[in-house]
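Engineer: pasting a predicted model and its sequence here:
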4 protein chains.
Amino acid sequence: MNEKKKNIIVTSIDLFADKGFYSTSIQEIADKSGVSKGAFYLHFHSKDELMLEIFKYYYNLMQENIENVIDEALSPKVNFTKQVEVQFHEILKHKSFILTQLKEQAFTLNKELYDFIRLKELETQKWYKKNLVSIYGGEIEPYIIDLQILFEGMKNNYFQVLIHGEVDIQISKLASFIVDRLDDIVAGLLTTKKEPMLTQEMVFSLFSDLTAPEELVKKEVMNNLLEMQKVLNDADFYEKTINELQGVIDFLISEVKKQDSKTFVIQGMLANFKGMHQFDQYRKVISEKLGIRIL
Amino acid sequence: MNEKKKNIIVTSIDLFADKGFYSTSIQEIADKSGVSKGAFYLHFHSKDELMLEIFKYYYNLMQENIENVIDEALSPKVNFTKQVEVQFHEILKHKSFILTQLKEQAFTLNKELYDFIRLKELETQKWYKKNLVSIYGGEIEPYIIDLQILFEGMKNNYFQVLIHGEVDIQISKLASFIVDRLDDIVAGLLTTKKEPMLTQEMVFSLFSDLTAPEELVKKEVMNNLLEMQKVLNDADFYEKTINELQGVIDFLISEVKKQDSKTFVIQGMLANFKGMHQFDQYRKVISEKLGIRIL
Amino acid sequence: MNEKKKNIIVTSIDLFADKGFYSTSIQEIADKSGVSKGAFYLHFHSKDELMLEIFKYYYNLMQENIENVIDEALSPKVNFTKQVEVQFHEILKHKSFILTQLKEQAFTLNKELYDFIRLKELETQKWYKKNLVSIYGGEIEPYIIDLQILFEGMKNNYFQVLIHGEVDIQISKLASFIVDRLDDIVAGLLTTKKEPMLTQEMVFSLFSDLTAPEELVKKEVMNNLLEMQKVLNDADFYEKTINELQGVIDFLISEVKKQDSKTFVIQGMLANFKGMHQFDQYRKVISEKLGIRIL
Amino acid sequence: MNEKKKNIIVTSIDLFADKGFYSTSIQEIADKSGVSKGAFYLHFHSKDELMLEIFKYYYNLMQENIENVIDEALSPKVNFTKQVEVQFHEILKHKSFILTQLKEQAFTLNKELYDFIRLKELETQKWYKKNLVSIYGGEIEPYIIDLQILFEGMKNNYFQVLIHGEVDIQISKLASFIVDRLDDIVAGLLTTKKEPMLTQEMVFSLFSDLTAPEELVKKEVMNNLLEMQKVLNDADFYEKTINELQGVIDFLISEVKKQDSKTFVIQGMLANFKGMHQFDQYRKVISEKLGIRIL
DNA sequence: CATGAATGAGGTTTCATTCAT
DNA sequence: TATGAATGAAACCTCATTCAT
């Protein structure tokens, strides 16, 4: 992303956290970002769009960092704990971005942002499911939603403390502390066999109103493809290879554009980039978004 | 409180929850409350003050309901659970008052509101301490802050679900469910004897900047006394009694006004209302606020 | 005049002088006058009308006091000086009513007030003419307007000082001091025989636009007649006399109402009240207003 | 000054004169000035500030014109008369700026404006003193305050006539007419040797509450220095000279900023600009403000 | 690409005036 | 006659957004 745009995003995160979305003026954002008010509008069409971009930026950053920390050699629980720890660190680094706070405020903004957040919540659910099952085994499946809610609640509340207060908490310990609490809870649940509060079915219905979540996914995949396009242009391949890959990308783009694009087609076409490290990242990201395997 | 004023408060809670504080105009509030814009300002001096009043109203209501549900005959845990359940019910009843959302937004507002919330947080801490110790015994004292954070996190996150979603949760079960999770956590903590994340000392420093919390307490006590005054005026006592009690109230008011009012003086004077059930509530509330015993 | 009404007038004079017409709210006026906002409107139809009434009240008061101080036995100059002194005293007594200030502000108000002030200016001119001629003789007639402007300027500027400042001026001396300055000026003018700046003709044209000043005069005379009516009702005459005088008043009223009422008719009819001291004041006032002799 | 800003000032002077400060809305000012409401606030932070700027603008203009008319070759009285004449002309030119009206209304406005006017009154006093003494000699010193009040009163009252009325006065004659009246008064005073009404000591006490008038003076001097800075930037000097003068300005600025800046230091440093006509005006103005000689 | 002056809709708040009681 | 709650027009001011330069 454009360096200046990133700068505006990072600066406005601070400002929004400090004074709230409505109490922060574009003028202030521009001033503190070292750009003119006019320039701001070169990067964002509106204040609302800035908000959307902030979320995109933030979620991507989080996701990236969380994934980077995974070490397949280690146990699921250790990995999960490390990922939680990263989240705490990340929060502290930006300190300012009070996820939960902004999320609530954001809900009153435009629909696009609303849907984006919902989408991310869906992804987060998958992430929890994957992790929780691999840590605690399949028998906790019925409790997955409750565990997620309980865990996120505990985690977010510590976030709040970290953000507001000047308390001196050792984050490395904090992450494992709350994961241990999750252990406690899982132990309790499996022992007592109480019925869950929320089932996956109940929750999915919450997202049913999410109009065409695929549309949003597609939009993002499209962006990934366009970035691949750029990478290809800058890459130092044989002309023949370039032409070939160009064809692949074009095909992918047209496939994604289709009303009823087939994931297995995309899955296959992406395999064409195997062995070209420049595209590894994209293959991974796209695969995850579409829920397909990397061939 | 004035019926119309209450109506405005209730209506604006809905609106703020729907569209946020800044996106809701006074005009809308007035329209939906069935009063004119001018009438709004008869009840509130500003939009900010409305916000403050909303919080006061909400916290008072909560507190009242929570206290009413206590049944000394039952176990501490059952009482605690019932109180949590009441909170869930209350949340659902107003549905609209999204605790966290408003709380966070409020931080960008004026200092008076900020301080009010801080004060209530302090009171909440005491409430947790009292309950947790009586449920789990003195040995969990070191973990009290952590338990509060963990529990509130879990609880709030279920709040969110309740508020946003159309999920069909049985609240009566929910309360005991999350209290059971607290059981799990306590069990885990007491078993592993892990060191706490946050101690009471660390947290108290967070409130040290709270300028003269006593001032706020005094203000509230003063209001209680004024209400007692009214009750006295309406009460059906012998004239002699009235005059006597009038003197007591006058004395109390002047004592509270003093720079260095002595709590034991107030404690003693309040005893004068013993046996007059009309004032029981006030004696209790004031005693709690000032941290004194009811004689 | 109604006691309460007078009270409102006096109070609002203070307030207007303090904070200006627009910065003083009806609420303040009502509060400080010890009446309700509603009651205010029982006495005045609008804030503007209050202003008008203030002027009427003030000018009448001034005029009355000024006239009361006249002692025919003394020289014209001494009488003039005494009248000026009374004005200073009056100003200081109300301190608040800053004639010039309010006059200017008033010009932006409604036409009725504007015309009223113009009318009073006309009367003031006559007053100056009468006094100046009797003090300095007919030869200063050409300078009368200039002398009035010069003198009022000097006088008003000392008013300002008296009002604003905490200066310790002996008013008794001040009046004669500025009249002495008038002496100086007259002496200078008569010596140098410089041509006047403004003539009476030039100035009269200024008032030509004053739409039907007679209308205003008539209105006031009508009020005087109505007051006479009241006096008659309360008077302790023989019934026959009462009936007779009633007829006179009715006749006068209908005459005044006429488009082209003849002053000599009024002059004659007023003579019917000769010897009845209760009506002396009215005969005088009306005669002056219409510029007729008292028979 | 910015052309557009000046335009707003001039336009609003008219409007305020017409309808008064409070009855003129920003919308009207904007409309008549040919700018948008928003643009108004680019130039002025508030309506009050506009008022302040109007006064500054007007007083500066007056002062400048008054000073420009001075011809050292002529007698003090002739110069004084010419200056008075300029004031009349200026009044007529703006016609609209009704000195007294605005002055009085202003007193209900904010403190900054109030102080500004007081400061200017102080300066005006000095101006009268200087002129009167040089015209009439030292022996009138005891009467200076009285003479000022008397003269301003006469002058202002003719202002009123000029502003309101459509009277056809020859201003050139008017100025010498009222100065002649001053002659009359002085002659009278010196002959009768009456004691003065007001002494300078009595009056100075009126300004004692004026908090740190030097602060205001300093602020103005600082503005002058900043303007000199600009002039220097645009001037066509040798680089060496520029650097030197830059140093002088910097030094002056830091000296003025000091709590106890010494006037003689400023006096000396200003001499550095001798012979550079671009700065003559500034040297003069600053010297007058600080009451120092031009070396 | 970059600027910042300009716009004007829309927000909060005040207050003269009315009117049911 | 007296009250004061209620009204709503109109004021001041802010700020997201545009656009000529």
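Structural biologist: Cool, the structure landed.

Engineer: and A:I178, how many neighbours?
Structural biologist: Using other C-beta atoms under 10 Å in any protein chain shown, the number of residues around A:I178 comes to 25. (Each C-beta comes from the backbone N, C-alpha and C, glycine too.)

Engineer: now swap in A:N233 and tell me
Structural biologist: Here the count is done by other C-beta under 10 Å, and A:N233 has 9 residues near it.

Engineer: helix or strand for it, just tell me which one.
Structural biologist: helix A:213-234 (DSSP states H and E).

Engineer: ok, A:S254 to DNA strand E distance?
Structural biologist: 28 Å (C-beta to the nearest atom of the strand, to the nearest Å).

Engineer: report how many residues lie close to that residue.
Structural biologist: Counted with other C-beta under 10 Å, A:S254 comes out at 10.

Engineer: starting at the chain centroid, how far to the helix holding A:N233?
Structural biologist: 16 Å (C-alpha atoms, centre = their mean, to the nearest Å).

Engineer: helices or strands up against the host helix or strand of A:L122?
Structural biologist: A:L122 belongs to helix A:111-136 when assigned by DSSP H and E. Counting contacts by 3 or more C-beta pairs under 8 Å, 6 or more residues apart in numbering or on different chains; DSSP states H and E, helix A:111-136 packs against helix A:47-68, helix A:76-94, helix A:99-107, helix A:144-164, helix A:200-208, helix A:213-234.

Engineer: re the thing from before, and the very next helix or strand once past the helix holding A:N233 with helix A:213-234, angle?
Structural biologist: Sequence-wise, the next helix or strand downstream of helix A:213-234 (DSSP H and E) is helix A:239-257. Using axes from the mean of the first three to the mean of the last three C-alpha atoms, to 10 degrees, the inter-axis angle of helix A:239-257 relative to helix A:213-234 is 170 degrees.

Engineer: which other helices and strands does the helix or strand following helix A:239-257 contact?
Structural biologist: Per DSSP H and E, the first helix or strand lying C-terminal to helix A:239-257 is helix A:263-270. Packing contacts for helix A:263-270, counted by 3+ C-beta pairs under 8 Å, 6+ apart, involve helix A:239-257, helix A:280-290.

Engineer: okay, angle between helix A:263-270 and helix A:239-257 too, please.
Structural biologist: Going by the same axes, to 10 degrees, helix A:263-270 makes 160 degrees with helix A:239-257.

Engineer: pull out the buried positions in helix A:263-270.
Structural biologist: In terms of neighbour count (16 or more other C-beta atoms under 10 Å in any protein chain shown), helix A:263-270 has its buried residues at A:266-267, A:269-270.

Engineer: show me the contacts for the residue nearest to the spatial centre of chain A.
Structural biologist: The centroid of chain A falls nearest to A:Y59 when counting by C-alpha atoms, centre = their mean (3.7 Å). Residues counted as contacts of A:Y59 (C-beta atoms under 8 Å, 6 or more residues apart in numbering or on different chains) are A:K120.

Engineer: how near is it to chain B?
Structural biologist: 18 Å (C-beta to the nearest C-beta, to the nearest Å).

Engineer: ok, A:K6 next?
Structural biologist: 25 Å.

Engineer: any idea which element that residue lies in?
Structural biologist: Here A:K6 sits within helix A:3-19, counting by DSSP H and E.

Engineer: how about TSV for the helices and strands packed on helix A:111-136, with distance to D:I144 and mean pLDDT added?
Structural biologist: Output for the helices and strands packed on helix A:111-136, formatted as TSV (distance: least, C-beta to C-beta, whole Å; pLDDT from 0 to 100):
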stretch	distance to D:I144	mean pLDDT
helix A:47-68	63	83
helix A:76-94	70	81
helix A:99-107	67	54
helix A:144-164	66	86
helix A:200-208	87	76
helix A:213-234	83	78
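
Engineer: got TSV for the ones you listed, with distance to D:K19 too?
Structural biologist: Below are the helices and strands packed on helix A:111-136 laid out as TSV (distance: least, C-beta to C-beta, whole Å):
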stretch	distance to D:K19
helix A:47-68	39
helix A:76-94	54
helix A:99-107	44
helix A:144-164	52
helix A:200-208	60
helix A:213-234	57
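
Engineer: for those, which one sits closest to A:V186?
Structural biologist: helix A:144-164 (6.9 Å; C-beta to C-beta).

Engineer: quick one: end-to-end length of stretch A:250-267, please.
Structural biologist: Stretch A:250-267 has an end-to-end distance of 15 Å (C-alpha to C-alpha, to the nearest Å).

Engineer: residues contacting that stretch, please?
Structural biologist: Stretch A:250-267 is contacted from outside by A:218, A:221-222, A:225, A:269-270, A:286-287, A:290-293, A:295, using C-beta under 8 Å, 6+ apart.

Engineer: among these, name the buried ones.
Structural biologist: Using 16+ other C-beta under 10 Å, the buried members of the contacts of stretch A:250-267 are A:218, A:221, A:225, A:269-270, A:286-287, A:290, A:292.

Engineer: if we can go back for a sec, name the nearest of the contacts of stretch A:250-267 relative to B:G38.
Structural biologist: A:K218 (51.6 Å).

Engineer: show me the contacts for the closest one.
Structural biologist: A:256, A:261.

Engineer: try it again at 6 Å.
Structural biologist: Listed by C-beta atoms under 6 Å, 6 or more residues apart in numbering or on different chains, the contact set of A:K218 reads A:V256.

Engineer: from D:D180, how far out is it?
Structural biologist: 94 Å (C-beta to C-beta, to the nearest Å).

Engineer: who's in contact with A:K32?
Structural biologist: Residues in contact with A:K32 (C-beta under 6 Å, 6+ apart) are A:T11.
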